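Q: Have a look at this fold, sequence not included:
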């Protein structure tokens, strides 16, 4: 049996429009939301902060009110059971200007771009991060509680 994988993703929104920041990672053919798997005993909000700092040079604090969605995906023969926590944070204009790829991350992060989840025509492998971003953005428009999904879809 494969172990459960806990991942975090940060949906960082531009202050002037509905776009979200996506990274160009060396290990992936498609753009991704900032984040990744958590370390053992790593609180998710601190893991999200660490990934954003490591990947973009921004030191953002994530709290429980920034938790926008939880997405559960069951295991199959090749992939572990995965729980992804999506944190959302609207950036300020100064933060969008300060975002940069730190030199220590330049070998893994090649750049970033802003994308609109509502209007982008993503490639098949980009559908997942854009879908998650759209889910998190939908929650920020009605911030009552985190939204729960199963494999990217509302449960029955």
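A: In hand now; what should we look at? Worth saying up front: this structure is predicted, and the values here are computed from it rather than measured.

Q: got a list of contacts for stretch 36-47?
A: With contact meaning C-beta atoms under 8 Å, 6 or more residues apart in numbering, stretch 36-47 is reached by 5-8, 35, 50-51, 62-64, 66-67, 85, 87. C-beta coordinates here come from the backbone N, C-alpha and C atoms, glycine included.

Q: 7 Å - rerun?
A: 5-8, 51, 62-63, 85, 87 (C-beta atoms under 7 Å, 6 or more residues apart in numbering).

Q: show me where this structure has helices.
A: For the chain, the helices defined by DSSP state H occupy 44-56, 93-98, 127-140.

Q: export these to a markdown table and tack on mean pLDDT?
A: Below are those laid out as a markdown table (pLDDT from 0 to 100):
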| stretch | mean pLDDT |
| --- | --- |
| helix 44-56 | 96 |
| helix 93-98 | 95 |
| helix 127-140 | 69 |
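
Q: With mean neighbour count and distance to residue 15 as added columns, please give those in TSV.
A: Listed next are those as TSV, based on neighbours: other C-beta atoms under 10 Å; distance: least, C-beta to C-beta, whole Å:
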stretch	mean neighbour count	distance to residue 15
helix 44-56	20	15
helix 93-98	12	5
helix 127-140	20	13
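
Q: Looking at those helices, spot the one closest to residue 149.
A: Closest to residue 149 of the helices of the chain is helix 127-140 (C-beta to C-beta; 6.3 Å).

Q: ok, residue 108 - how many residues close by?
A: 15 (other C-beta atoms under 10 Å).

Q: List the contacts of the closest residue to it other than its chain neighbours.
A: Setting aside the residues directly before and after it, residue 108 is nearest to residue 26 in space (C-beta to C-beta, 6 or more residues apart in numbering), at 5.2 Å. Taking C-beta under 7 Å, 6+ apart, we find residue 26 in contact with 107-108, 110.
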